[in-house]
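**Student:** can't give you the sequence, but here's the structure:
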């Protein structure tokens, strides 16, 4: 594989960039694989990459209905963080942060990981107390957390509304300085390129139509491009998990919802990190291109449409305007929607299933992108070793029936409300 | 914006309603032995189909009645609405 570097860039400039190698091939499906990963999004591609790299399992196929990176890995708001209170979530995502820090070098692909910090704003004494508690929990797990008072927040985001008349005055905030953003497309492409180089077949435009299960054991899958035998099958299809689960006669603790995001026209640099509003569901960051990237609530009803409704955008941006009045002067560039697996406790599921050789990676709710590397890493381990890793030992499917929920926000089963 | 026909008030904008989830989920009967699996299915497990879905909505900024709506989860087309005591087929 051609190494990407400043020298290869200069070399290819002489031939007008016409002679770059293809980044990944476009193979036809073979009749049999050791492992088939369904879903060519960030998590699926990462899983295939770590299967090859960490476990030397290279007879692997990724089956993607559309094209790689066309789903949620290209639709999220690129935020990377590990500011969780519960040990299981904190350890899992902090391991992921370590993978992020070295990802560009490891993949030889600039994912533009930019740890500029995230601030969760607090608007009451009670919220400050809750953030102090969360920050302490984070620090106990070795994650950097800083409780900011009002003046410290004002220094970092002076353009927020600090006037006396506001309905939700800013009391302070909790900051994770090592959180940040990355270029989401590059993450998908970087993993795809390395996985392809190690022998993984990336098969696009191939829809899974059924599963071949004999005596409780997976034998293969049926696709729009023919049947494929497989010793092991991993599902990485957040957003479509319920559709495939139905083909397997499985019912899961997941509802499928649409989440919207939007960007403004590009403006000069004014917001350094990520900021979340504490009195409503709104978050904002500024992309390297200068666009303000914003998101917030789900539309609030089951949906498989990769587009949303205007009232939700209006509601989210009302919160945005309360925090950053300058937004009223910006034109909106575009809005879009992605389909979320909303799990019933707000935390993901990476586990084996009751079908031997079938593995499940789903339930990512609002925050799948930040976990892309660690999700792939632990899922690859779970598939290769046929057992969960310590890191995903609490992200199991049976936690709902045993009562060991990871309800990070204590919202109950309707995680899409509030 | 969805437009939902409330069986009591007529056609109204979605903003007047709040969502209550899958209407086909049945709560286990009171005063009967309930297995953990039944509770599990009631509290957590959802089919969440792509296509026709019968769901509960409350006309929160109107008559405040709970109603049933049959809606397509991919196209958002609304086929039928009914009072919560009525069946949708």
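**Tutor:** Structure's in. What do you need? Since the model is a prediction, treat every value here as computed from it, not as a measurement.
**Student:** Strands of chain B, start to end?
**Tutor:** When assigned using DSSP state E, the strands of chain B occupy the ranges B:3-6, B:10-13, B:18-22, B:52-58, B:66-72, B:78-83.
**Student:** List the contacts of residue A:83.
**Tutor:** A:118, A:120, A:134, A:138, A:143, A:145, A:174, A:176, A:179 (CB atoms under 8 Å, 6 or more residues apart in numbering or on different chains). Backbone N, C-alpha and C define where each C-beta goes, glycine included.
**Student:** what helices or strands is the helix or strand of chain B with the lowest mean pLDDT leaning on?
**Tutor:** Here the helix or strand of chain B ranked lowest by mean pLDDT, DSSP states H and E is helix B:36-43, holding a mean of 90. Applying 3 or more CB pairs under 8 Å, 6 or more residues apart in numbering or on different chains; DSSP states H and E, one finds that helix B:36-43 makes contact with helix A:399-402.
**Student:** Chain A contacts on chain B?
**Tutor:** B:1-2, B:14-15, B:18-19, B:21-22, B:36-37, B:40-41, B:43-50, B:53, B:55, B:71, B:73-76 (CB under 8 Å from any CB of the partner chain).
**Student:** circling back to that earlier point, tell me which of the strands of chain B sits nearest to residue A:85.
**Tutor:** Ranking the strands of chain B by proximity to residue A:85 (CB to CB) places strand B:18-22 first, at 26.6 Å.
**Student:** any idea of the mean pLDDT in the closest one?
**Tutor:** Here strand B:18-22 scores 93 as its mean pLDDT.
**Student:** For it, give me every contacting residue.
**Tutor:** By CB under 8 Å, 6+ apart, strand B:18-22 touches A:255, A:300-302, A:414, B:46-48, B:53-58, B:60, B:66.
**Student:** Tell me what angle that strand forms with strand B:66-72.
**Tutor:** 70 degrees (axes from the mean of the first three to the mean of the last three CA atoms, to 10 degrees).
**Student:** Return the distance of strand B:18-22 from the chain's centre.
**Tutor:** Once both centres are worked out by CA atoms, centre = their mean, to the nearest Å, strand B:18-22 turns out to sit 5 Å from its chain's centre.
**Student:** how big is the angle separating that strand from strand B:52-58?
**Tutor:** 140 degrees.
**Student:** follow-up on the earlier one: closest to residue A:372 among the contacts of strand B:18-22?
**Tutor:** Nearest to residue A:372 among the contacts of strand B:18-22, with distances taken as CB to CB, is residue A:255, at 22.3 Å.
**Student:** if I look at that closest one, how far off is chain B?
**Tutor:** According to CB to the nearest CB, to the nearest Å, residue A:255 and chain B sit 5 Å apart.
**Student:** got a list of what that residue touches?
**Tutor:** Contacts of residue A:255 by CB under 8 Å, 6+ apart are A:242, A:302, A:342, A:344, A:416, B:21-22, B:46, B:48.
**Student:** Next up, the contacts around the residue most central in space within chain A.
**Tutor:** Chain A has residue A:369 as the residue nearest its centroid, 1.6 Å off, counting by CA atoms, centre = their mean. For residue A:369, the contact set (CB under 8 Å, 6+ apart) comprises A:42, A:72-73, A:76-80, A:184, A:187.
**Student:** Those residues: which two are farthest apart?
**Tutor:** Maximum distance among the contacts of residue A:369 (CB to CB): 14.6 Å, for A:72 and A:80.
**Student:** picking that back up, mind giving me the ChimeraX select for the residues of chain B next to chain A, buried ones only?
**Tutor:** Entered in ChimeraX, the line below selects the buried ones among those, by 16 or more other CB atoms under 10 Å in any protein chain shown:
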select /B:2,14,18,19,21,22,40,41,43,44,45,46,47,48,49,50,53,55,71,73,74,76
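**Student:** related to what we said a few turns ago, secondary structure, neighbour count and pLDDT added to the contacts of residue A:369, as a markdown table?
**Tutor:** Converted to a markdown table, the contacts of residue A:369 look like this (DSSP: H, G, I helix; E, B strand; the rest coil; neighbours: other CB atoms under 10 Å in any protein chain shown; pLDDT from 0 to 100):
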| residue | secondary structure | neighbour count | pLDDT |
| --- | --- | --- | --- |
| A:42 | helix | 31 | 97 |
| A:72 | helix | 24 | 95 |
| A:73 | helix | 27 | 96 |
| A:76 | coil | 23 | 96 |
| A:77 | coil | 23 | 96 |
| A:78 | coil | 23 | 96 |
| A:79 | strand | 22 | 97 |
| A:80 | strand | 28 | 97 |
| A:184 | helix | 23 | 97 |
| A:187 | helix | 30 | 98 |
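**Student:** In the stretch 301-418 of chain A, where is pLDDT below threshold?
**Tutor:** Low-confidence segments of the stretch 301-418 of chain A (pLDDT under 70): A:410-418.
**Student:** residues from it in reach of chain B?
**Tutor:** A:301-305, A:309-311, A:344, A:400-401, A:413-414.
**Student:** mind listing what the residue of the stretch 51-200 of chain A found nearest chain B touches?
**Tutor:** As assessed by CB to the nearest CB, chain B sits closest to residue A:65 within the stretch 51-200 of chain A, at 12.7 Å. Residues in contact with residue A:65 (CB under 8 Å, 6+ apart) are A:205-208, A:240.
**Student:** I'd say residue A:127 and residue A:277 touch.
**Tutor:** No. Using CB atoms under 8 Å, residue A:127 makes no contact with residue A:277, being 11.4 Å away.
**Student:** Give me the nearest residue to residue A:137, chain neighbours excluded.
**Tutor:** Leaving out its chain neighbours, the residue that sits closest to residue A:137 by CB to CB, 6 or more residues apart in numbering or on different chains is residue A:85, at 4.6 Å.
**Student:** Roughly how far does that neighbour sit from residue A:150?
**Tutor:** 23 Å (CB to CB, to the nearest Å).
**Student:** So for the two, which residue has more residues nearby?
**Tutor:** Using other CB atoms under 10 Å in any protein chain shown as the criterion, residue A:85 and residue A:150 rank with residue A:85 on top: 18 against 14.
**Student:** isn't there a helix covering the more buried one?
**Tutor:** No. Read with DSSP: H, G, I helix; E, B strand; the rest coil, residue A:85 is coil and lies in no helix.
**Student:** can you tell me which residues contact it?
**Tutor:** Residue A:85 neighbours (CB under 8 Å, 6+ apart): A:133-134, A:137-138, A:408.
**Student:** Of those, select the buried ones using a ChimeraX command.
**Tutor:** Buried residues among the contacts of residue A:85 (16+ other CB under 10 Å), as a ChimeraX selection:
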select /A:134,137,138,408
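**Student:** Can you tell me which of the contacts of residue A:85 is closest to residue A:11?
**Tutor:** residue A:138 (45.4 Å).
**Student:** Make sure I have this right: that closest one is in a strand.
**Tutor:** No. Counting by three-state DSSP, residue A:138 is located in no strand; its state is helix.
**Student:** correct me, but it touches residue A:145?
**Tutor:** Yes. Contact criterion CB under 8 Å: residue A:138 and residue A:145 qualify, at 4.1 Å.
**Student:** Give me the common contacts of the two.
**Tutor:** Listed as contacting both residue A:138 and residue A:145 by CB under 8 Å, 6+ apart are A:83, A:176.
**Student:** near chain B, which residues of the stretch 101-250 of chain A?
**Tutor:** Within the stretch 101-250 of chain A, the positions lying close to chain B (CB under 8 Å from any CB) are A:242-243, A:246.
**Student:** Looking at those residues, which is nearest chain B?
**Tutor:** residue A:242 (4.2 Å).
**Student:** Contact partners for the closest one?
**Tutor:** Neighbouring residues of residue A:242 by CB under 8 Å, 6+ apart: A:252, A:254-256, A:341, B:46-50.
**Student:** cool, residue A:234 as well?
**Tutor:** A:35-38, A:44, A:47, A:358-361, A:379, A:383.
**Student:** Any chance of a markdown table for these, columns neighbour count and secondary structure?
**Tutor:** Output for these, formatted as a markdown table (neighbours: other CB atoms under 10 Å in any protein chain shown; DSSP: H, G, I helix; E, B strand; the rest coil):
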| residue | neighbour count | secondary structure |
| --- | --- | --- |
| A:35 | 26 | strand |
| A:36 | 28 | strand |
| A:37 | 34 | strand |
| A:38 | 25 | strand |
| A:44 | 33 | helix |
| A:47 | 35 | helix |
| A:358 | 21 | strand |
| A:359 | 24 | strand |
| A:360 | 27 | strand |
| A:361 | 32 | strand |
| A:379 | 29 | helix |
| A:383 | 29 | helix |
